[in-house]
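K.L.:
Here's my sequence, what's the structure:
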Amino acid sequence: MRSRSTLVGHTIKQNTRMFMSSSDSGEDVSTTSSDPKSEAKTKSAASDLSASLMEQARIARLEADKMEAELTLEKIAKLEKMLAAEMKPKGGKEMSKDEKVRNKKSKESLKAEIEALAMKIDPSLVTSMASQLGTQMKISDITNKDDSLKQSKIETNIYKDASSKFNPVSKVNVITLTDDELTAGVKYFNTLPKPLRVAMAKAIDVDESKTSPHVIVLGICQKGDDIDYEQLKKDYRKALNGEDITTAQPTFFSSDAVGESGNAKRNEDEKVIGINKEYGEIIEENIEEWQYNTFVEEMLPRVTRKEGMEPTQTDVDLFVEKIIDKDIFQMKEKPKKVPGGFIIPGQLGKSAKNGDELISAIDLKVSESIPSFGEKFQACYIADPTAQNAEVENDQLDGDPVLFISSNDFSPTTSRFLLSSVTAISLFFALVFDVATFGNNNAVMDRLMQANDLGNYDLSWFNSLLAPMLLSLGISQAVHELAHLVVAWQNKFKISPPTVLPMLTLPYLSFQSKLKTSPKNYSSLFDFGFSGPAAGMITSLAFLLIGMQLTTTMDASALQNAPSLPVAFLRLSSLGGTIVDYFLGGNGIILGMDPASGVPMHPLAIGGFAGMMINALDSIPFSSTDGGRMSQSLLGRSGHIVFSGSCYFALLIYTIFNDPARDVFLAYLVINGFFQKDLEVPCRNEVDGEGEPGLGRAAAALLIWSMTILTLAPV
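P.N.:
Coordinates of the predicted model:
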């Protein structure tokens, strides 16, 4: 076989002869032509030929490097076999002292020769040639000193366990798989979830979307114990969240992992089965982790998982060391990481009779021992939110009690500017609704048209007509929010400023107030959810009754300028429509009119009617609405998910088959599905104690939900 310099020289000479032959045939590249175009053409031809010569010389050098490396590696493999033979005992007989000395010298000589041969391989070429040479070279710890390479050592598979004193810095590692093994591995790999396949490909530094599954499976087997399983888990979570973890520079793997003609031999020293089994366990562990993480994310709102605010393992270890003792809480297992924090399974200690006492004792010890912990984090006593406890056992939907260690700041993550913009849009829609109630009043509309034609923009007379309606809507909603504020103040938890949610068929959908900190218990959460709609509905009902009474006493000129609601709109509410019909004649006279005809009413009555529907919609037990807070307090998180989902689908079916109410409820489902789809933040105690809502609160919830059904059920 030719040496590297001989091969390169031969290639250059061959191409030089081709170049000279071209000159003899009439293309003299050395003679300057008088024609500029001809001169340029000649120079271009010479340049192209020169580039071709350089490229062929480069290819020749690489080919020479490849052949030289092949020879070296073949010799290393032979020396490995000789070394292995030297290490095996000779027929079970004990060697004499002289034989032991000769054997030792022979081993050292073979090792030195292997090391010397290894140094002949250029480390920068090993990886790029791996797929052609049938080997996988792992180069590490190669350092420079005084611009010269230190001596590198190669550890081979045969004697790596037998020579513990031999400290390697690089390794020749050949993994072989049979056709059946490779096919089975590829088939299993293709059945895995996409994020897991991406993470596995990243573990061997390739892009899953651009690499054959066969290459990935071979790479995993070749890398074996060198795979960083902790990094694999992290990459899997990132891929699961949609982050891009693909690598920019792929690594090439051995093409000889499968032998010639598909008949590969297993390298006995590489524990492929053990590696695959271990990797399979990692896969199963990740799938199980993905399942319970997904369940936790469904059970707890997104604000519990704000980036950079979750407690670390160090924080939780400090909490366990300083706070947890058998008197207040008996741990059953070590703290377990979940999205948003950690859970600590256990049961109440001797000195804590219920969850309220447990949380009080923990808070006291935190304030005394680690006050810095209490400034950022908190412990909540809740039902285990992980997936393994999601099954119904003994009629119990929720899991066993655990301590949930998380951030104590649940402030909304949505931009304040965005929320303010939504509020501004919603208030504009409310104004449009109020103005639209005068659409059927010909006298008012004619007067507005005349003012516009004359350029008279003094609309104080029209504002005086709008004011009572805006006042009734504003007061009923203010009472609603004030009730929330009072309960939050009494129970010492914080709420965010309200965001007004838009609605096309009503002035607005609701005022959404988010909890920034945890309520003490479910009773506190129930009182917060119940107080707003109850106060708002009572106030709106009062305005409707007062407004209808004023309607019956209005004279002809006042009625001429009064706003009106279409009969079709009045029919959307059995309770509201019946009240209007009763005051204006009764016996269904008003509700039996043409649906498009308008019914003149006092502005206070219209504001009260719309306010009742708004508060009733807010009482529907859906996710984190006020009705949802009541449902979660009474039924727990798992029970609320079931009840809320049932109400959602029942309302959806009702909307599909009920044309008059379709616009209202369809808009409600879409808007709430976007703004209020999460459950409420965890209470400090969600398990037991005085904080459990009793029969009185359950009766109050049934009462307000009955009012909700009467208000929203069409006539």
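
K.L.:
residue ranges for the strands of the stretch 351-500 of the chain, please.
P.N.:
Along the stretch 351-500 of the chain, counting by DSSP state E, counting those that start in this stretch, strands occupy 377-383, 401-407, 499-501.

K.L.:
likewise the stretch 151-300 of the chain?
P.N.:
With DSSP E, counting those that start in this stretch applied, the stretch 151-300 of the chain shows strands at 154-156, 170-173, listed in chain order.

K.L.:
weakest of those by average pLDDT?
P.N.:
Among the strands of the stretch 151-300 of the chain, strand 154-156 carries the lowest mean pLDDT, a mean of 37.

K.L.:
What separation is there between the closest residue to Lys336 other than its chain neighbours and Asp688?
P.N.:
Distance criterion C-beta to C-beta, 6 or more residues apart in numbering; nearest residue to Lys336, sequence neighbours excluded, is Ile343 at 5.3 Å. C-betas here are computed from N, CA, C, even on glycine. Using C-beta to C-beta, to the nearest Å, we find Ile343 at a distance of 17 Å from Asp688.

K.L.:
do the same with Met309
P.N.:
28 Å.

K.L.:
what do you get for Ser564?
P.N.:
Ser564 is 54 Å from Asp688, by C-beta to C-beta.

K.L.:
sorry, back to before: for the strands of the stretch 351-500 of the chain, which one sits closest to Ala201?
P.N.:
strand 401-407 (33.4 Å; C-beta to C-beta).

K.L.:
Partner strands of the closest one and their direction?
P.N.:
strand 341-348 (antiparallel), strand 377-383 (antiparallel) (DSSP bridges).

K.L.:
Could I get the average pLDDT for it?
P.N.:
Rounded mean pLDDT across strand 401-407 is 94.

K.L.:
From the rest of the structure, what touches it?
P.N.:
304, 306, 309-311, 315-316, 319, 329, 335, 338, 340-348, 355, 376-385, 682, 687 (C-beta atoms under 8 Å, 6 or more residues apart in numbering).

K.L.:
Which residue is the nearest non-sequential neighbour of Lys332?
P.N.:
Pro345 (4.5 Å).

K.L.:
List the residues that contact the one you found.
P.N.:
Pro345 is in contact with Met331, Lys332, Glu333, Lys336, Asp384, Asp400, Val402, counting by C-beta under 8 Å, 6+ apart.

K.L.:
How about Arg302?
P.N.:
Arg302 touches Thr413, Asp678, counting by C-beta under 8 Å, 6+ apart.

K.L.:
ok, so what distance separates it from Asn408?
P.N.:
16 Å.

K.L.:
same check, this time on Glu680
P.N.:
Distance from Glu680 to Asn408, by C-beta to C-beta: 15 Å.

K.L.:
Compare those two and say which is more crowded by neighbours.
P.N.:
Neighbours were counted for Glu680 and for Asn408 using other C-beta atoms under 10 Å; Glu680 has more, 27 against 17.

K.L.:
how about that one, secondary structure?
P.N.:
Per DSSP: H, G, I helix; E, B strand; the rest coil, the local secondary structure of Glu680 is coil.

K.L.:
so where's the stretch 151-300 of the chain uncertain?
P.N.:
Scanning the stretch 151-300 of the chain with the threshold set as pLDDT under 70 gives 151-177, 224-225, 246-289, 292.

K.L.:
how about the helices of it, start to end?
P.N.:
Under the criterion DSSP state H, counting those that start in this stretch, the stretch 151-300 of the chain contains helices at 179-190, 194-203, 213-223, 229-240, 272-299.

K.L.:
Then the stretch 501-650 of the chain?
P.N.:
522-553, 556-560, 567-570, 574-583, 603-618, 626-657.

K.L.:
Out of the ones you listed, flag the one nearest Leu232.
P.N.:
helix 626-657 (31.6 Å).

K.L.:
Now that closest one: average pLDDT?
P.N.:
91.

K.L.:
Just after it, pick out the following helix or strand.
P.N.:
Helices and strands here follow DSSP states H and E; after helix 626-657, the next one along the chain is helix 662-675.

K.L.:
If you average the pLDDT over that next one, what comes out?
P.N.:
Helix 662-675 shows a mean pLDDT of 85 in the predicted model.

K.L.:
List the contacts of the next helix or strand after it.
P.N.:
Using DSSP H and E, the helix or strand that follows helix 662-675 in sequence is helix 695-712. By C-beta under 8 Å, 6+ apart, the residues outside helix 695-712 that reach it are 523, 526-527, 530, 533-534, 537, 572-576, 612-613, 616-617, 619-621, 627, 630-631, 633-634, 661.
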